[in-house]
Structures are given as structure tokens and as C-alpha cells.
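>>> Generate a structure from the sequence data that follows.
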Amino acid sequence: MRNAVLHLPRFPTLLTAAVALAALLAPTASTTPPIKAHVVVGFQSQSALASALARYPGAKIVRRVPHMRTVEIEFAGNPRGLSSQPGIAFSHRPLLRTSKVEPALAAFFRPGLPYEWQYVATRVNEVPEPVLRAASAIKIAVIDTGADVTHPDLAAKRPETWDVVHRRANVADKDGHGTFVSSLAAGSVTNNEGIAGFGGDAGLLMVKAVGKGDSFSDVDEAAAIIYAVDHGAKIVNLSIGGEGTSKLEQRAILYAANHNVLLVAAAGNEYQEGNPIEYPAAALQPVGSKGQGGVGLAVGATTMSGKRASFSNTGSQISLVAPGENVFGAVAAGSRREWWPRSALPGSVVGHYGWSSGTSFSSPEVAGAAALVWAANPALSAQQVAGILKATASRHGAWNPSVGYGLIDVAAAVAAATGQHIAPRVQAGAWLSVQRLRARTARQARPDRALRRVRLAVHLRTSAPTVAPDWRVLSLELRRGRRWRRIARTTTRFGGGIYWTVGLRPGRQLLRVVYRGRWDLHGAVRLKPIKIS
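Next up is the predicted model:
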């Protein structure tokens, strides 16, 4: 029997067939997985959001920040034209925030370095014992990588915990950054173990906000701030940073300010890498403010000698400074030893401790100091607490872009809060300006009795850079015969401004704006005669 012979086509024919087969088997453009994009979207109403998203097939909401009317959306493709859709307030890609702000956070060890020198350098050791106990009424929120809540200095505080990304109470700290920060802000001062935090008996709320890749976005940050405010925090520490800001971040910061919550943030460790402006710190103490006003504190770092640490960022957004080079704190049990070398602490039975550097560690010291100031005088506002810390710092009211108002002096700040010693030095004068913008006639049944709608712009100013005019109560009064009648009462916003629209009858009217004053700022009165035709 003859063997069968298989006759193959010549090469050109075979190549053509292979190409045709490949074309048949290859996925078409319609089956190629689209590139997914994450976008942060602010909206005016749920219906406006739904209507806008209907234009983008495959769009999926992956994160909500309800208080801010903001969502994070995953788009299957490029969401062109989203910002121009009706009812969409803003849209942008998530901004990166990180706690590992470069080499300055690497641990430094020097034989013979004093343990917890930062406590004495800022005179926390001179704060009266009753104030340390009274701080138990103040809650400090730390937004970070989590915390080792089994560490003795944190366990003694029985901290509240929440992970805003995964929505659970477990805040295990694999990084170690959040544990170190928490111990400086609110480590127990009464457990006879380890170190003492700056905040006395202040409570601790750890809000873990680590997203993908062990980093933060502005969405994580905003959600964490809102959670902290809604759960009773009076002070929020943000030892995180990145370049640029967003409307969502600014909305969350304003939410905290409107609830009389003090935000404290690290100014950044990149002075030797170009000295960039870091946010959220620069959103609390605005660029160009030179330490005046703002809705919080941007904190730089100092050395043991009180000078600016070489890595600490500088600029017009710096509020003040606190120890940040080779400070001593608690080390998380599960953290990497190359980042967090352990150091034996004489007398300590359990727990890990070590030295590290960065503005990340200056910020919680200021947050703890703020808790003591508030404990000394619970009637203070958040802005007054910030003003006291600035006014009592080492530069005695003078500011520069390197260290702001200088190194915090916690004992002096607590004394000032109770009206002792240097309280008169932080007192400032105030003055008011009133501008009439426009007037128009309101509709009424009797035209001869028609009211004129008058719009007034009012600004409260202060004579001291450390005293802010923000969040002060002003009254608008109208003269009737020999008496003044109050017709409006409003709180100033950022910058000390108010806009009032009032109805006034035709004729000559005499108005006055009154600020009654507080312990840190004298009162002010401004008359405004208006002739209405």
C-alpha cells in the first residue's frame, strides 16, 4: 500500500491563510477592554448627577462623600465634557496624598540622644496637672495609616477607630507612621509605661484612610475629616501632604471650620527637593497669609537647638514649628525595622519605641498642645486656640517664612488661655468697615411705604497678626428714636467678612455694626448713615 502524501500550498498561499485566520481570531475594537478612569465629581443634586452619568455608559460610582455632594466615579473611557454637564459643580482626577514624605521620615539614631527631649523643649512638662486631666473632655482625631492599638501608650487611651476606605473598625498599622504620630499627639501620660503624648488625657480617634497602593487621595482625606468632625473630634491632625488642592479638600476643611474644629497639618519635608507648597497644610494657612488668619495651623519642624530642621519646608504658609528632628515615639509592632528601628527604653516592660524625623511628627505635637489650651479654657473657639499658640510661640508675635511664629511654648499657651501672665500681649484692637453696595425697591401693596432692599458689605479687621477676625459674631442695629434695635446677627466667615441684605424705609436711616469683643480682641463699633430716596 502506498503512503498517502499531504500536498501543502506554497509559502505565499500559507502566509495569506495565516493572516486571514489571525484576523478572524483577533478581538475586535468593540471587545477590547476600555481604559478605566477615576474622577472625583461634585454635583448639585442627585437628579443632576444621574442625568449627567446617563451620557456615559458603564460609569460606576465607587465612593461617596455625602456631606460634600461628591462621588468618585469609575468611567469606562475618557469622560470628556463632564464638567460642562448641567448640575455638575466640578470634576477632577483624585489627588495623591502620602504620609511617607520622602527621606526625612527615615529613622535617625544617635548614641546618647535624650529620650523624649521634645516634651521638655516645648515646656509641656510645666503644664499644671489639672489641665492634663481636664483634657479628657477633648478628642483628637489622627487621620493616618492606622495605629497599633495594642501598644501600651495607645491601648491605655482605649482609642476609637474607623477605616473610612474599607468601612470597618480594624485600623491595623502595617506602615507604622500612624502609630508614631498618634503617640505624640495623645500617648497616655498616666500608664507608667513608655512615653507621654502632648495632649494629656485627651481622647484619641484614629481614622485610617489608606487607599490603594498604601497612599491617600483627596477623597480619602475628605471622608476622614468629615467622619472625625461628625464623631466629636475637636482637633484633627493631618500628617499627610501632596502638591495641589481640590474643591473637595477645601469643602471638607470648611466643613470642619464651620463646626469649630481645629485642623493641624504637616508643612512637608521637601525643602531640599525644591521646597514645594504642600496641601492640605497650605489650605489651612493660605499661601501669602504670613501666618495671619487661616482656618488651621501649618506646622514645620525644628531641631533640638530650636532651629529649622534642614528638611522642613518654608514659605508664607508656615504658621509655627515644633520639634521634628530625632523625636522619640511609639513604634508599631508590625512595622518594618528598616523604617522604624527599635530602641531599648530603660524602665519600659512592653512596647516598641524609637526615634524618627519629619514635619509629620511636629504636627501631632501641636495638635496635642491645642488640646491642653482648649482644656485650660473650654470657651475658646478653634481660631482662638490657634491664635494663642501663635502668639505665645518663641518669636513673641514676630513671623518669618522659615519658622513662622516660632517654636511652640505649651506652658505659656496654657497660661495665656486662662488669662495669666502674657494674656494682655495677645489682646488686639478691632475696627469695622461698612460699604453700601446697592439698593432697590421691594414690591409692596402701598408704593409710598415701599421698602428699599439695601445690600451691605461689612468687614472686621484686627491690629495683631496672631488674632484672626474669622468666626466672630457681629450685630447690625438700626436707630429708632433714642434706642438701637438689632435687625441682624451673623458670624463672620474666613477673612472677617459678612454680606447683609436688609429692608429699610425711605428717608435718613442710621445703622451701626457692633462687635462686642472677646478676651483676645477688643470690641468695635462702626456707624453708617444712609439716605434712602
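>>> Next, count neighbours for Asn192.
Burial measure for Asn192: 11 neighbouring residues, criterion other Cβ atoms under 10 Å. No exception for glycine: its C-beta is placed from N, CA and C like everyone else's.
>>> Same question for Arg64.
Arg64: 13 neighbours (other Cβ under 10 Å).
>>> Now for Arg516: which residues touch it?
Arg516 makes contact with 473, 475, 523, according to Cβ atoms under 8 Å, 6 or more residues apart in numbering.
>>> swap the cut-off to 7 Å and go again
Gly523 (Cβ atoms under 7 Å, 6 or more residues apart in numbering).
>>> can you pull the pLDDT of it?
Note on Arg516: pLDDT of 88.
>>> how close does it get to His92?
Plainly put, Arg516 is 42 Å away from His92 if you go by Cβ to Cβ, to the nearest Å.
>>> and if you look at Ala344?
As judged by Cβ to Cβ, Ala344 and His92 stand 48 Å apart.
>>> Those two: which has the busier surroundings?
His92 (16 against 8).
>>> so that one makes contact with Gly42?
No. Applying Cβ atoms under 7 Å as the test, His92 and Gly42 come out as separate, 9.1 Å apart.
>>> Mind listing the shared neighbours of those two?
Joint contacts of His92 and Gly42 (Cβ under 7 Å, 6+ apart) do not exist.
>>> element containing the most centrally placed residue in the chain, please.
Centre of the chain computed as the mean C-alpha position; nearest residue by Cα atoms, centre = their mean is Leu263, 4.8 Å away. Taking DSSP states H and E as the criterion, Leu263 maps to strand 262-266.
>>> got the angle between the longest helix belonging to the chain and strand 262-266?
Counting residues, the longest helix found in the chain (DSSP state H) is helix 359-376. With axes from the mean of the first three to the mean of the last three Cα atoms, to 10 degrees as the basis, helix 359-376 and strand 262-266 are set at 160 degrees to each other.
>>> Could you tell me the average pLDDT over the helix or strand just after helix 359-376, please?
Next in sequence after helix 359-376, counting helices and strands by DSSP H and E, comes helix 382-391. Average pLDDT, helix 382-391: 94.
>>> so what secondary structure elements neighbour helix 382-391?
Applying 3 or more Cβ pairs under 7 Å, 6 or more residues apart in numbering; DSSP states H and E, one finds that helix 382-391 contacts strand 262-266, strand 296-302, helix 359-376, helix 410-417.
>>> one more time with 10 Å
When contacts are defined as 3 or more Cβ pairs under 10 Å, 6 or more residues apart in numbering; DSSP states H and E, helix 382-391 packs onto helix 247-258, strand 262-266, strand 296-302, strand 320-323, helix 359-376, helix 410-417.
>>> among the ones you listed, which is nearest Leu132?
Counting by Cβ to Cβ, Leu132 lies closest to helix 359-376 out of these; the figure is 7.2 Å.
>>> now that closest one, how far from the centre of its chain.
14 Å (Cα atoms, centre = their mean, to the nearest Å).
>>> Just the angle for it relative to helix 382-391, thanks.
Using the same axes, to 10 degrees: helix 359-376 against helix 382-391 is 110 degrees.
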